[in-house]
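[1] Build me a structure from this.
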Amino acid sequence: MAGDLTLITGATGHIGFRALRYALAQGYTVRAAVRSEAKAKTLKSHPLLKNISSSQLSFITVPDFQAMGAFDEAVKGVKYIIHLASPIPFRDGADPKDQHKHFVEPAIEGTVNLLESAKKAGTVKRVVITSSLVCNVPVEVQFGMTESDETYTAESRITSPSEPYANAFFAYIASKVEALAAAEEWVEKNKSSINFDVIHVHPAYTIGRDDLAITSEAVNEGTNSTMLSTVLGDHAPYGKTSNTVHVDDAARVHVFALDPHVAGNQSFLTVSGGRKGTVWEDSLEIAKKHFPDAVADGTLPVNGTAPTVKNFVDASKTEKTFGFEFKSYEEQVVSVVGHYVELKQKGL
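    Numbering: from 1, shown residues only. Below is the predicted model:
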């Protein structure tokens, strides 16, 4: 409801910053939990937030999400929580020997600590947690090691990869799978003593303009790089799963899920394209169509390769619940490539 105090973690992330802006646009009063004052300063000074009053947007520093009671102060008086913060392999490097400690433990402990603090506060009515599509599609299917005609839904669950992890992305998958399991187990265990419910949002590869990226190099980072690198001429060493979502859609589902008319204690996939999904190399023709001048002058080489690993995901439940259709892969590509070209033209 408009004006209700909402705690958001992870607002300096790709989906997080967009979710923060959506929440503010919908009239929520937001308290953003950040790990340092420097991160708060980054958000406060952003041009897209310059007209937001301190009465609608405030910040609280939570240096260690894994500390017992870390969120006790942050959740005081809060009605809703959107928990987006979690280590990601595109940004957070880790020595292979430390991947469990770096990815898995913070994801689990940060989530459970937040739920414990919400329980203590007594004012919270709903917690929305960012999960991931990696929790719904088996690893061997995601990486094309096994073909499957099965259709995966928000209710599908997989077994967590075990140590030693093959790489940081496998550790990330483990972090999301185990954090989701821990949260669902926590809710089941505490359901008779809490006054709130939990919704999990499972985004696919999230593609779309990142307004925190202020250089063309920064645009080609994170999940956006999985698409943009192909347009820029890179050759992917392995196939990528055929599931993407526009950052706008991933973000607004997090905010729309706060609506009390949406039943709690369930999961929602955010994946575009229906059963067909995404074909990664379609980005080449899309870039040629929308940015012919940048292609002609060599800004966009449009000669990369990116094999698509097909798997079938049904996110229609999300579209029906929230009353909108996911933006197309073409819109995702135009959003990111347009941002890249814009910054290149400025010499940034």
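[2] tell me which helix or strand of this protein sits lowest on mean pLDDT?
    In the chain, the helix or strand scored least confidently by mean pLDDT, DSSP states H and E is helix 99, which has a mean of 83.
[3] starting at the chain centroid, how far to it?
    Relative to its chain's centre, helix 99 lies at 20 Å (C-alpha atoms, centre = their mean, to the nearest Å).
[4] for stretch 219-234, same thing?
    Put simply, stretch 219-234 sits 17 Å off its chain's centre (C-alpha atoms, centre = their mean).
[5] Mind listing what's buried along it?
    The neighbour-count check on stretch 219-234 (16 or more other C-beta atoms under 10 Å) flags 219-232, 234 as buried. Quick note: C-beta positions are derived from backbone N, CA and C, even for glycine.
[6] Then stretch 191-201?
    Neighbour counts over stretch 191-201 (16+ other C-beta under 10 Å) mark 194, 196-201 as buried.
[7] Please, where are all the helices along the chain?
    Taking DSSP state H, the helices of the chain run over residues 14-25, 37-44, 99, 105-121, 139-142, 168-190, 216-219, 225-231, 247-256, 282-290, 292-296, 316-322, 329-345.
[8] and the fourth one, C-alpha only, in CSV?
    In CSV, the C-alpha atoms belonging to helix 105-121 read as follows (Å, rounded to 0.1, in the frame of the first residue of the first chain):
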residue,chain,number,x,y,z
GLU,A,105,27.0,-19.2,3.5
PRO,A,106,26.2,-15.5,3.0
ALA,A,107,23.1,-16.3,0.9
ILE,A,108,21.7,-18.7,3.5
GLU,A,109,22.7,-16.7,6.6
GLY,A,110,21.6,-13.3,5.2
THR,A,111,18.2,-14.7,4.3
VAL,A,112,17.6,-16.5,7.6
ASN,A,113,18.9,-13.6,9.6
LEU,A,114,16.5,-11.2,7.9
LEU,A,115,13.5,-13.6,8.5
GLU,A,116,14.5,-13.8,12.2
SER,A,117,14.6,-10.1,12.5
ALA,A,118,11.2,-9.8,10.7
LYS,A,119,9.8,-12.2,13.2
LYS,A,120,11.1,-10.2,16.1
ALA,A,121,9.8,-6.9,14.7
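[9] And the contacts of it?
    The contact list for helix 105-121, computed with C-beta atoms under 8 Å, 6 or more residues apart in numbering, reads 9, 65-72, 74-78, 81, 83, 85-87, 124, 127, 129, 175-176, 178-179, 182-183, 186-187, 190, 193-194, 196, 198.
[10] buried sites along that helix?
    105-119, 121.
[11] for the residues you listed, which one is nearest V309?
    Set against V309, the nearest of the buried residues of helix 105-121 by C-beta to C-beta is A107 (24.4 Å).
[12] ok, so of the buried residues of stretch 219-234, who is nearest A166?
    For those, the nearest to A166 is T226 (18.0 Å; C-beta to C-beta).
[13] between the buried residues of helix 105-121, which is nearest E319?
    T111 (26.4 Å).
[14] Tell me how far that closest one lies from E155.
    According to C-beta to C-beta, to the nearest Å, T111 stands 19 Å off from E155.
[15] can you check T215 too?
    41 Å.
[16] Mind checking which of those two has more residues around it?
    Higher neighbour count among T215 and E155: T215, with 14 against 10, using other C-beta atoms under 10 Å.
[17] What's the local residue count around the closest residue to that one other than its chain neighbours?
    Of all residues not flanking T215 in the chain, L348 sits nearest, at 4.9 Å (C-beta to C-beta, 6 or more residues apart in numbering). Residues lying near L348 (other C-beta under 10 Å) number 13.
[18] any weak-confidence spans in the stretch 51-200 of the chain?
    Filtered on pLDDT under 70, the stretch 51-200 of the chain yields the residue ranges 89-97.
[19] distance between the ends of stretch 228-236?
    Stretch 228-236 has an end-to-end distance of 11 Å (criterion: C-alpha to C-alpha, to the nearest Å).
[20] Kindly apply the preceding question to stretch 158-165 instead.
    16 Å.
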